[in-house]
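> got a sequence here, can you model it:
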Amino acid sequence: MQIKKLPTVLLITEDPVVQAFFEDAIDTLDDHALLLEKSSEEGLITLRNTFISFIIIDEKTPTLDLSSFCKKTRLLKEHEFTPILIISNHLKKTFTRSLLKAGATDFLRHPLDENEFLHRMEMAKESTKTRKKMLDLSHLFAQ
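Next up is the predicted model:
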């Protein structure tokens, strides 16, 4: 018998309003679980020890260097393609470009909207599938 892993979302925030929003949003998805961490250190420990299928990071989390966290996450083999969604109010090109290079997948603006979040989550999943396929194909042609 094969054990099926429940898709699990890791949320990194200290904001109780953001936490409550995602608790409600994830509750609407019958087959997802939510884990909450309050720092990059806790988040990285969770990523190393728990099956995580999606990461959401609140830019306002103190002591969190977004770029560094994204890079460290991408260095973990099991999270090379895990979608990373950044919650932010300022989405200037230099900010988004640097985080995309560091490994972020997409961004979500305040005020948080459940439909927008669910849409971004689906887009990130599709993007991840495409990136994995492209990597597989590149290995085929490299041989």
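> residue ranges with poor pLDDT in the chain?
Low-confidence segments of the chain (pLDDT under 70): 1-4, 139-143.
> residue ranges for the helices of it, please.
Under the criterion DSSP state H, the chain contains helices at 16-27, 40-49, 66-75, 93-102, 114-142.
> what's the neighbour count on the closest residue to residue 63 other than its chain neighbours?
Closest residue to residue 63 in three dimensions, ignoring its sequence neighbours and counting by C-beta to C-beta, 6 or more residues apart in numbering: residue 39, at 5.8 Å. To be clear about C-beta, it is placed using only N, CA and C from the backbone, and glycine gets the same treatment. The number of residues packed near residue 39 is 16, by other C-beta atoms under 10 Å.
> may I have the phi/psi pair for residue 39?
Note on residue 39: backbone dihedrals following degrees, to the nearest 10 are phi -150, psi 160.
> can you pull the contacts of it?
Shown here is residue 39, whose contacts under the criterion C-beta atoms under 8 Å, 6 or more residues apart in numbering are 12, 61, 63-64.
> so how far is residue 64 from it?
Distance from residue 39 to residue 64, counting by C-beta to C-beta, to the nearest Å: 7 Å.
> what do those two both touch?
residue 12.
> looking at the helices of the chain, which is closest to residue 108?
Put simply, out of the helices of the chain the one that sits nearest residue 108 is helix 114-142, at 5.6 Å, with distance taken as C-beta to C-beta.
> from the chain's centroid, how far away is the closest one?
Centroid displacement of helix 114-142 relative to its chain, using C-alpha atoms, centre = their mean, to the nearest Å, is 13 Å.
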